[in-house]
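# starting from these lines, generate the structure:
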Amino acid sequence: MVKENLEKIRATVPSGVTLVAVSKTKPVEDIQEAYEAGQRVFGENHALEMRDKHEVLPKDIDWHFIGHLQTNKIKYIIGFTRMIHSIDTFNLLQAVNKEAAKHHRVVDCLLQFHIAEEETKFGLSMDEAEEILNSDIFKAMNNVRICGVMGMATNTDNMAQVRKEFKHLKEIFETLKAKHFAGCEWFKEISMGMSHDYPIAIEEGSTMVRVGSKIFGERVYKV
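Have a look, this model is predicted:
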């Protein structure tokens, strides 16, 4: 079913929008099936699981880390991660920069913003982002590159609210682009939208959608 599901999703994602197949908790066999169907961008939210999958799957996969990242787990993924979507503190960004330097890499990162009405979601406020971007410490970082923003809408059936939150993230992106990244062609990504709301996210300017259950089926959690 993975191949068929993937083809259905691809038909709804316009060119210019990256489809991140969220493979967290899914077996290697499912990822391999998606890979054989042409998918190359996969998202994981547990560092050790991502490391283990990277070791046995094709090396031309673009791995995106999309979950809450603990600083003591960065070392397991920093050598191969294509992009980290979830920079939600200054401390985490500094830790990623430090670990990336050990591998002589520049790692693409997105600033995660808290746009939902749920307290359980992680993310920066605009003031916290400004503090990072205005700091001399950030300006001296050579091993991370901020490529855009990420956010998760409230988990609700109220699509009007979801749309409002996506609009807000787009506004944050535009503000940061104008103020801090004017002329930087790499600052172009807005990662928003998941299986239940990605069409709305695309309408509101998403450049990356993170789709899992509609490709791989519902997640299976270990008890």
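
# every contact and neighbour count from this point should use C-alpha atoms.
Will do.

# for the most centrally placed residue in the chain, helix, strand, or coil?
For the chain, the residue lying nearest the average C-alpha position, counting by CA atoms, centre = their mean, turns out to be H85 (3.2 Å). Reduced to three states with DSSP: H, G, I helix; E, B strand; the rest coil, the structure at H85 is strand.

# and if you look at G16?
Quick answer, by three-state DSSP: G16 is coil.

# which parts of this protein are strands?
Taking DSSP state E as the test, the strands found in the chain are 18-22, 41-44, 62-65, 83-87, 107-113, 144-151, 189-191, 208-211.

# what's the closest of the ones you listed to V28?
With CA to CA, the closest approach to V28 among the strands of the chain belongs to strand 41-44: 11.6 Å.

# direction included, what does that closest one pair up with?
Note on strand 41-44: by DSSP bridges, its sheet partners are strand 18-22 (parallel), strand 62-65 (parallel).

# re earlier: and the strands of the chain as a markdown table, adding mean pLDDT and distance to N5?
Putting the strands of the chain into a markdown table (pLDDT from 0 to 100; distance: least, CA to CA, whole Å) gives the following:
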| stretch | mean pLDDT | distance to N5 |
| --- | --- | --- |
| strand 18-22 | 98 | 11 |
| strand 41-44 | 98 | 15 |
| strand 62-65 | 98 | 20 |
| strand 83-87 | 98 | 24 |
| strand 107-113 | 98 | 27 |
| strand 144-151 | 98 | 24 |
| strand 189-191 | 98 | 21 |
| strand 208-211 | 98 | 11 |
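
# would CSV of these with distance to A182 be doable?
As requested, those are exported to CSV (distance: least, CA to CA, whole Å):
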stretch, distance to A182
strand 18-22, 22
strand 41-44, 27
strand 62-65, 25
strand 83-87, 21
strand 107-113, 16
strand 144-151, 12
strand 189-191, 14
strand 208-211, 21
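
# so which of the ones you listed comes closest to K170?
Among the strands of the chain, the nearest to K170 by CA to CA is strand 189-191 (7.2 Å).

# which residues touch that closest one?
Outside of strand 189-191, the residues that reach it under the criterion CA atoms under 8 Å, 6 or more residues apart in numbering are 85, 110, 147-151, 169-170, 173, 205-210.

# could you identify which of those residues has the most neighbours?
When neighbours are counted as other CA atoms under 10 Å, the busiest of the contacts of strand 189-191 turns out to be M150, with 30 neighbours.

# tell me the gap between the longest helix that the chain contains and the middle of its chain.
Ordering each helix of the chain by length in residues (DSSP state H) puts helix 159-180 first. Between the centre of helix 159-180 and the centre of its chain there are 16 Å (CA atoms, centre = their mean, to the nearest Å).

# for stretch 175-195, same thing?
In terms of CA atoms, centre = their mean, the gap separating the centre of stretch 175-195 from the centre of its chain is 13 Å.

# show me the shaky parts of this structure.
Judged by pLDDT under 70, the chain has its weakly predicted residues at 120-121, 219-223.

# still on that earlier bit, among the strands of the chain, which is nearest T71?
Among the strands of the chain, strand 83-87 comes nearest to T71, with 10.7 Å by CA to CA.

# which parts of the closest one are buried?
Of the residues in strand 83-87, those with enough neighbours to count as buried (16 or more other CA atoms under 10 Å) are M83, I84, H85, S86, I87.
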